[in-house]
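J.: structure, please.
(one chain, ligands or ions: 2)
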Amino acid sequence: MTSTPARPAARPLARVAEPAVDVSGYFALDRGLIDRTIFGDQALYRQELRRVFAPSWLFLAHESQFTKPGDFFTTYMGEDPVIVAMGRDRRIRAFLNACRHRGMRICRADAGATKAFTCSYHGWSYDMAGKLVNVPNAEDYPAEFDREQWGLTEVAQLDTYKGLVFGTWNPEAPPLAEALGGMTWYMDAMLDRDPEGTEVVGGVHKWVLEGNWKLAAEQFASDWYHVNISHASALMVMSPSGKGPKTEIVQTPGRQYTDPLGHGAGFPTHAKSRFDDRVVHGYYDYEALRERLGDARVEGPMTTGHATVFPNFSYLPVNGSIRVWHPKGPDRMEVWAWTIVDRSMPAEVKEAQRLYNLRTFGPTGIFEQDDGENWSECQATAHGFMAGSMTLNYQMGIGLQAEDGVHPGTTGRLYSDGAARGFYARWRDLMNTPAWHEHQKDT
Ligand code: FES
Ligand SMILES: [Fe+2]
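T.: Ligands and ions are numbered 1, 2, ... in the order given. Below is the predicted model of the structure:
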């Protein structure tokens, strides 16, 4: 009898290639047309995990969630569970949250502090750098068993942008700054108001929506159009007169940013800068902000905007909401949402921002509920054969996008599908491009 020597453990024994679908036929973006199949098809969903989520930079956590060695937070990259942890060297790393022995979830807590991760199945134990440090009954393993080969699978690249921690499985991905591209000018309207930076407060709110994750990501990139209609009752409640401004459709001036990386942001342009919450509004020195960020940002993306960093990280600067749309099959997403604040804010201002965020965009927020209802109902109607294969309309603003000389990159009118078209162009191109794991040799 001959025995086969163990292969290096970090590599899969074999890759079973799933066939890839060319998704070009689902799009005629120059005419603003998208086939609805992309939201509900199971095979496309599997391909999306392989070719959109696995190769892209994904938001993991905020740096302020890790203050001392041993702090950890568990989340997902696509449907892959991951642990994000600060090591003894104070470096933040991320690992697949699956034991190398039989694949058990190694850490079952949402967050906490620990010295090691010990699997509750057979007791393999890993340190904060992912190294396998203890194996019960080790004497019963063969001599060639090498612990060094059986550490946790580490996320290939991890980097931060102004407090936001991103990771990618893709060893060949461009650096994070390059992947964010021109979007950082817009992101800084939320992340760079304070020389001390930002932090998150109040934990993470998590809820389930019965809709495809792209519906939410697309809307946060692009859709101001729904505001007058979907949120009419919320706007009425929030108007000082109680009657609301919404007896007629308001044409709010503003711009919408789109780029070839799939990112998008929309924002009204106000001559007067303001934050909606009275306490937060009173806190800011708008002249100092103009000095720091420039007039265009203070009058635009700093206030009532919405944005998506491709693929599934979105935020609302004025509400202080940052969130991830975790895919859970083609029909379902989990929303994970934090409240982000400036570090220098006094405690009562941070608390005011947290409460304002919850009132508006928490799981029971008066705006959030409207949005979730739309996405769930869009998904539900797509289950029928006829309704599920309709062509959808993304034609708003075609031909109206350009450099405006004020906002960097390409922008269009606030009421536009421009950033949605950009988002789907990026999604289509990634879906049609073999990812690194499809061409990397097992050497
Ligand atoms: S599955 Fe983790 S020790 Fe066995
Ligand atoms: Fe909305």
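
J.: buried residues in stretch 168-181?
T.: 168-170, 173, 176, 179-181 (16 or more other CB atoms under 10 Å). Where C-beta positions appear, they are placed from N, C-alpha and C, glycine not excepted.

J.: output it as CSV, nothing but the C-alphas.
T.: Taking C-alpha atoms only, stretch 168-181 is exported to CSV below (Å, rounded to 0.1, in the frame of the first residue of the first chain):
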residue,chain,number,x,y,z
THR,A,168,-10.8,41.2,-0.1
TRP,A,169,-10.1,37.5,-0.8
ASN,A,170,-8.4,38.6,-4.0
PRO,A,171,-4.6,38.6,-3.8
GLU,A,172,-4.6,40.4,-7.2
ALA,A,173,-7.0,43.2,-6.3
PRO,A,174,-5.7,46.7,-6.8
PRO,A,175,-5.0,48.6,-3.5
LEU,A,176,-8.0,49.8,-1.6
ALA,A,177,-7.4,53.5,-2.5
GLU,A,178,-7.4,52.6,-6.2
ALA,A,179,-10.6,50.5,-5.8
LEU,A,180,-12.4,53.5,-4.1
GLY,A,181,-11.1,55.9,-6.8
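
J.: other residues contacting that stretch?
T.: By CB atoms under 8 Å, 6 or more residues apart in numbering, the surrounding residues in contact with stretch 168-181 are 54-58, 77, 80, 155-157, 159-161, 166, 184, 187, 259, 261, 263, 309, 435-437.

J.: ok, the nearest residue to residue 431 once chain neighbours are set aside to ligand 1 distance?
T.: Distances taken as CB to CB, 6 or more residues apart in numbering place residue 23 nearest to residue 431, at 4.6 Å, with adjacent residues excluded. Look at residue 23 and ligand 1: by CB to the nearest ligand atom, to the nearest Å, they are 37 Å apart.

J.: check residue 44 too.
T.: 32 Å.

J.: CA atoms only: put whatever helix or strand that residue lives in into PDB for me.
T.: In the assignment (DSSP states H and E), residue 44 maps to helix 42-48. Output in PDB follows, covering the C-alpha atoms of helix 42-48 (Å, rounded to 0.1, in the frame of the first residue of the first chain):
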ATOM      1  CA  GLN A  42     -30.000  31.000  -8.300                       C
ATOM      2  CA  ALA A  43     -27.200  30.200 -10.800                       C
ATOM      3  CA  LEU A  44     -26.500  33.900 -11.300                       C
ATOM      4  CA  TYR A  45     -26.400  34.300  -7.500                       C
ATOM      5  CA  ARG A  46     -23.800  31.600  -7.100                       C
ATOM      6  CA  GLN A  47     -21.700  33.300  -9.900                       C
ATOM      7  CA  GLU A  48     -22.200  36.600  -8.100                       C
END
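
J.: show me the helices in this protein, by range?
T.: Per DSSP state H, the chain carries helices over the ranges 42-48, 176-180, 183-191, 213-222, 227-230, 232-238, 278-283, 286-293, 295-298, 347-361, 368-381, 385-388, 418-431, 436-439.

J.: isn't residue 316 up against residue 361?
T.: Yes - between residue 316 and residue 361 there is a contact at 6.1 Å, judged by CB atoms under 8 Å.

J.: report the beta-bridge partner residues of residue 168.
T.: residue 157 (DSSP bridges).

J.: check the gap between it and residue 435 for me.
T.: Residue 168 is 11 Å from residue 435, where distance means CB to CB, to the nearest Å.

J.: overlap in contacts, the two.
T.: Joint contacts of residue 168 and residue 435 (CB under 8 Å, 6+ apart) are residue 55.

J.: just to revisit the earlier point, got a list of what the residue nearest to residue 431 touches?
T.: 38, 44, 428, 431-432.

J.: ok, so of these, who is nearest residue 348?
T.: residue 38 (45.6 Å; CB to CB).

J.: once you drop chain neighbours, what's closest to residue 95?
T.: Nearest to residue 95 is residue 152, by CB to CB, 6+ apart, at 3.9 Å.

J.: from ligand 1, how far off is that neighbour?
T.: 11 Å.

J.: just checking, that residue touches residue 100?
T.: Yes - using CB under 8 Å, residue 152 is in contact with residue 100, at 6.7 Å.

J.: name all residues that make contact with the closest residue to residue 346 other than its chain neighbours.
T.: Distances taken as CB to CB, 6+ apart place residue 283 nearest to residue 346, at 7.5 Å, with adjacent residues excluded. Counting by CB under 8 Å, 6+ apart, residue 283 touches 345-346, 349.

J.: most neighbours among those residues, which one?
T.: For the contacts of residue 283, the largest neighbour count, defined by other CB atoms under 10 Å, is 22 neighbours, found at residue 345.

J.: wait, that residue touches residue 353, no?
T.: Yes - counting by CB under 8 Å, residue 345 does reach residue 353; the two are 7.3 Å apart.

J.: need the contact list for residue 401.
T.: 258, 410-412, 416, 418.

J.: how near is the residue nearest to residue 346 to ligand 1?
T.: Residue 283 is 49 Å from ligand 1, by CB to the nearest ligand atom.

J.: sorry, back to before: what about the residue nearest to residue 95, how many neighbours?
T.: Residue 152: 26 neighbours (other CB under 10 Å).

J.: okay, it and residue 126: tell me how far apart.
T.: Distance from residue 152 to residue 126, by CB to CB: 5 Å.

J.: kindly provide the distance from the closest residue to residue 302 other than its chain neighbours to residue 322.
T.: Using CB to CB, 6+ apart and skipping the chain neighbours, the partner closest in space to residue 302 is residue 189 (4.1 Å). According to CB to CB, residue 189 and residue 322 sit 13 Å apart.

J.: same question for residue 383.
T.: With CB to CB as the criterion, residue 383 and residue 322 are 31 Å apart.

J.: quick one: which of the two has more around it?
T.: The residue with more neighbours, out of residue 383 and residue 322, is residue 322; 26 against 10, by other CB under 10 Å.

J.: per-residue pLDDT of the closest residue to the more buried one other than its chain neighbours, please?
T.: Distances taken as CB to CB, 6+ apart put residue 315 closest to residue 322, at 4.5 Å, once the chain neighbours are dropped. On the pLDDT scale, residue 315 is placed at 98.

J.: quick one on the thing from earlier: tell me the one of the contacts of residue 23 nearest ligand 1?
T.: residue 44 (31.8 Å; CB to the nearest ligand atom).

J.: relative to residue 429, how far out is that closest one?
T.: In terms of CB to CB, residue 44 sits 14 Å off from residue 429.

J.: same thing with residue 96?
T.: The value you get for residue 96 to residue 429, if CB to CB is used, is 27 Å.

J.: these two - which one has more neighbours?
T.: Using other CB under 10 Å, the more surrounded residue of residue 96 and residue 429 is residue 96, with 19 against 15.
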